[in-house]
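# how would this look folded up:
(4 chains)
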There are 2 protein chains.
Amino acid sequence: MTTEAADLDAPGVPGAAGTAGVDLPQLLRAATLRVTRPRVAVLGAVHAHPHADTETIIGAVRTELPAVSHQAVYDSLHALTGAGLLRRIQPAGSVARYETRIADNHHHLVCRSCGAVVDVDCAIGQAPCLTASDDHGFVIDEAEVTYWGTCPACTAAAHGA
Amino acid sequence: MTTEAADLDAPGVPGAAGTAGVDLPQLLRAATLRVTRPRVAVLGAVHAHPHADTETIIGAVRTELPAVSHQAVYDSLHALTGAGLLRRIQPAGSVARYETRIADNHHHLVCRSCGAVVDVDCAIGQAPCLTASDDHGFVIDEAEVTYWGTCPACTAAAHGA
DNA sequence: CGCCTTTTCTTGACTCCTTCAAGAAAAGGC
DNA sequence: GCCTTTTCTTGAAGGAGTCAAGAAAAGGCG
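Alright, predicted model coming up:
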């Protein structure tokens, strides 16, 4: 299996397309996670499709590994999320989505009409958004901001109708 | 049906227990919604159980109206939400929850461990939280802030273990 | 007060996302 | 190269929420 192991490491391999310059196996090793083809493909798919839902990720992974089960994708997403390599977001009324921008305190802008998600940098540095007016005794570790609205395409469509 | 209609209007009636002083039928009429017992009961249940999930609401409603179907509760929740009498929230990983505090720009503090939800007034007035650093062309109508952490009870349980 | 139209509720089935479980396969260390 | 641990495959199940058709109730009007 030496050949296959080499494939997993080699940058620029077909399976790593769309993640130019990012050494995915190294990311996995740095997180003390075993390097498997499903995990590399899942990580690459999320890098290539930010904010994608699980179905989209499964589809992207299967362009590289047609035989991967949906369960392997779910397991990989959980493992990667638990290790901090991915972040899971889930706007109300939506299925789970994943992204690779982590640890930079950015927020999300969601279209009520089509569900599109885009990143927004924190409006006011860091501190204000992360401080609640009254913590009710909770130990707060994150402040998540979701902006709701209508995206340009849906706004145009509504005006046209 | 005069007697029953009177029951719906009468304040202090058994069915209105737990909503002291709030004229629920009047709220419904003000929103141009028909006054039905399931709707009054649902509205009362959410008043009595802030942040309750649908299952809890169904249970509360059935203490007054044992025969109400879950579908009637779902329909009522949708109608009341659409009319602006209720607000639906759904923290990631949780089922839908409903509350009666509306139109006052408050936010939520959610326990990662037990899922408890408490209200938090907007930390910094209104404007800053409602303004994204870059709107990407979206028409933004709401900024929702969710603080994540651990509630006092779960913190104590973790330290004790 | 009673009829009629519109809206809402009941019943029952169904979809979708996600998780559970058991055994086969692969990764990584010695 | 072998062994242990972890991960993947296969197949099924769980639960929140939705859909559809007909019965029932609310509200307006005469």
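
# Any idea how many residues pack against A:A45?
25 (other CB atoms under 10 Å in any protein chain shown). Every C-beta, even on glycine, is put in place using the N, C-alpha and C of the backbone.

# Quick check: neighbours of the strand of greatest length in chain A in the sheet, parallel or antiparallel?
Longest strand in chain A by number of residues (criterion: DSSP state E): strand A:139-150. Each strand that pairs with strand A:139-150, with its direction, by DSSP bridges: strand A:106-111 (parallel), strand B:139-150 (antiparallel).

# Just give me how far that strand sits from the chain centre.
The chain centre lies 16 Å from the centre of strand A:139-150; the measure is CA atoms, centre = their mean, to the nearest Å.

# repeat for stretch A:51-58
The answer for stretch A:51-58 is 9 Å, by CA atoms, centre = their mean.

# what's in contact with it?
A:42, A:45-46, A:49, A:60, A:68, A:70, A:73-74, A:77, A:89, A:94-99, A:108, A:117-118 (CB atoms under 8 Å, 6 or more residues apart in numbering or on different chains).

# mind running it again at 6 Å?
A:45, A:49, A:70, A:73, A:95, A:97, A:99, A:117 (CB atoms under 6 Å, 6 or more residues apart in numbering or on different chains).

# if I pick the closest residue to A:H51 other than its chain neighbours, what's in contact with it?
Nearest residue to A:H51 in three dimensions, chain neighbours excluded: A:V117, at 4.1 Å (CB to CB, 6 or more residues apart in numbering or on different chains). Shown in contact with A:V117 (CB under 6 Å, 6+ apart): A:51, A:108, A:110.

# Most neighbours among the residues you listed, which one?
Going by other CB under 10 Å, A:V110 tops these with 26 neighbours.

# For that one, which non-adjacent residue is spatially closest?
A:P91 (4.7 Å).

# Where does the one you found sit: helix, strand or coil?
coil (DSSP: H, G, I helix; E, B strand; the rest coil).

# Which pLDDT value does the model give it?
According to the prediction, A:P91 has pLDDT 97.

# ok, it to DNA strand D distance?
14 Å (CB to the nearest atom of the strand, to the nearest Å).

# what mean pLDDT does the next helix or strand after the longest strand of chain A have?
Later in the chain than strand A:139-150, the nearest helix or strand by DSSP states H and E is helix A:152-160. Helix A:152-160 carries an average pLDDT of 85.

# quick one: buried residues of helix A:152-160?
Judged by neighbour count (16 or more other CB atoms under 10 Å in any protein chain shown), helix A:152-160 contains these buried residues: A:154-155.

# and that helix with chain B, contact?
Yes. Counting by CB under 6 Å from any CB of the partner chain, chain B has neighbours in helix A:152-160: A:152, A:155.

# how big is the angle separating that helix from strand A:139-150?
Per axes from the mean of the first three to the mean of the last three CA atoms, to 10 degrees, the angle that helix A:152-160 makes with strand A:139-150 is 40 degrees.

# okay, which residue is most central for chain A?
Closest to where the C-alpha atoms of chain A average out (CA atoms, centre = their mean) is A:E99, at 1.7 Å.

# tell me which residues form a beta bridge with that residue?
A:R87.

# thought it was touching A:P50?
Yes. The pair A:E99 and A:P50 passes the contact test of CB atoms under 6 Å, sitting 5.0 Å apart.

# element containing A:T32, please.
Using DSSP H and E, no helix or strand contains A:T32.

# any idea how far the closest residue in space to it that isn't next to it in sequence lies from A:I102?
Counting by CB to CB, 6+ apart, A:T32 lies nearest to A:A83, which is 7.5 Å off, once chain neighbours are set aside. Note on A:A83: its distance to A:I102, by CB to CB, to the nearest Å, is 10 Å.

# With neighbour numbers in mind, choose between those two.
Comparing A:A83 with A:I102 by other CB under 10 Å, the one with more neighbours is A:A83, at 15 against 12.

# okay, now the domains of chain A?
Here chain A is described, according to automatic domain parsing, as comprising the domains A:2-89, A:104-160.

# For B:V35, find the nearest of those domains.
domain A:104-160 (29.3 Å; CB to CB).

# Around DNA strand D, pick out the residues from chain A.
A:33-34, A:36, A:38-39, A:65, A:67-72, A:75-76, A:79 (CB under 7 Å from any atom of the strand).

# For the residue nearest to the centre of chain A, which residues are in contact?
So A:E99 contacts A:50-51, A:87 (CB under 6 Å, 6+ apart).

# Go again with 7 Å.
For A:E99, the contacting residues are A:46, A:50-51, A:87, A:89, by CB atoms under 7 Å, 6 or more residues apart in numbering or on different chains.

# Pick the one among the residues you listed closest to B:Q26.
A:I89 (39.7 Å).
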